[in-house]
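>>> Sequence first, then the predicted structure:
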Amino acid sequence: MDNFFRRLKYYGIGFGIGLIFVVFLFQQKGCSWTPGNRVKSAILERIIFVDSLDAAYLKTNHLTKKSLRAFIENGTVSFLKSKRNGSERLYHFHGKLSRVKSLDCLIAYREKSVVVDIDFEHANIKQYIPLRGYAKPFLHKKKNWFSGKWELYNLKGIVASNAPEKFTSLFLKNGILDCAKSTLSGDKPSAYFIIKNRYTKDLEQEYLLKTIWYQEKIEIKDLSVIDIKSNI
């Protein structure tokens, strides 16, 4: 019995040391169940959009999709400096953009919206500036994002069997978020998107969408089609 308790004590000591290494020395990187890593995973399950100011920041600082993802994955979430309650949560991130430059910023995450945005210029939640004007999808995982009643829409070159894949491709290539029309927080948020589909040299369709976030998909609630003839 003494040997059993001695082994149990050694196991407990070893397990405790292991936890210290994982949580403190690896700074939330080694275990997916830490609060910080759960936040990071949730953010990267959505789509990060950038408006014109964000795009300028990304260009000035030579930030790519790969480097931004690395910043989020390897960064540190400060919960004391974050807003963790309500339909719109603002998380304070600190991390390295390069070997010599670091960044403190705010990342806005909404439980009921696909839209995530980053305020690169501010790290204080009282100074947070949301997306403005039109924003484009920038960082996202690879999957078919949309669901809808495809058989009811008159989409050129798109049929129900290939609609989720083709529509997602069009959206990621030239879709934009209309920030002024969209309500991203609250109990029933909705996002308005504009997507263009050029299906011949001089003909294209413009899709105006009202969407909600439902079961990990962008569900189309309303879709209007505008046929456009171009002389280009």
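Cool, the structure landed.
>>> Quote the end-to-end distance of stretch 64-82.
End-to-end distance of stretch 64-82 (Cα to Cα, to the nearest Å): 25 Å.
>>> So T76 versus L209, what's the distance?
36 Å (Cβ to Cβ, to the nearest Å). In this view, the C-beta of every residue, glycine as well, is placed from N, C-alpha and C.
>>> now the strands for this structure?
Under the criterion DSSP state E, the chain carries strands at the ranges 47-50, 76-83, 88-96, 102-110, 115-119, 134-139, 146-147, 176-178, 191-198, 203-214, 217-229.
>>> Now stretch 43-52: buried residues?
By neighbour count on 16 or more other Cβ atoms under 10 Å, the buried set for stretch 43-52 is I43, L44, R46, I47, I48, F49, V50, D51.
>>> show me what contacts the residue nearest to S87 when sequence neighbours are not counted?
Nearest residue to S87, sequence neighbours excluded (Cβ to Cβ, 6 or more residues apart in numbering): S185, at 4.4 Å. Residues counted as contacts of S185 (Cβ atoms under 8 Å, 6 or more residues apart in numbering) are G86, S87, E88, R110, S113.
>>> what does the domain assignment say about this structure?
30-138, 146-229 (automatic domain parsing).
>>> Now tabulate these in TSV and tack on mean pLDDT.
What follows is these, written out as TSV (pLDDT from 0 to 100):
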stretch	mean pLDDT
domain 30-138	94
domain 146-229	94
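>>> still on that earlier bit, export the strands of the chain to TSV and tack on distance to I158?
Listed next are those as TSV, based on distance: least, Cβ to Cβ, whole Å:
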stretch	distance to I158
strand 47-50	20
strand 76-83	40
strand 88-96	33
strand 102-110	29
strand 115-119	24
strand 134-139	19
strand 146-147	11
strand 176-178	19
strand 191-198	8
strand 203-214	10
strand 217-229	11
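>>> so how many other residues sit close to V77?
V77 is flanked by 22 other residues according to other Cβ atoms under 10 Å.
>>> Compare T76 and L209 (neighbour count), which wins?
L209 (22 against 13).
>>> partners of the closest residue to the more buried one other than its chain neighbours in the sheet?
Excluding the flanking residues, the one nearest L209 by Cβ to Cβ, 6+ apart is F193, at 4.5 Å. Taking DSSP bridges as the rule, F193 bridges to L177, L209.
>>> Next, the contact list for the closest residue to V50 other than its chain neighbours, please.
The shortest distance from V50 to any residue other than its chain neighbours is 4.5 Å, reached at F138 (Cβ to Cβ, 6+ apart). Applying Cβ under 8 Å, 6+ apart to F138 gives the contacts I47, I48, F49, V50, D54, L58, K65, L68.
>>> Give me the phi and psi for Y128.
phi -60, psi 130 (degrees, to the nearest 10).
>>> what's next to stretch 191-201, contact-wise?
Applying Cβ under 8 Å, 6+ apart, the external contacts of stretch 191-201 come out as 113-115, 134, 155-158, 167, 170-171, 174-178, 181-182, 184, 204-213, 218, 230, 232.
>>> buried set for that stretch?
So, applying 16+ other Cβ under 10 Å, buried residues of stretch 191-201: A191, Y192, F193, I194, I195, N197, R198.
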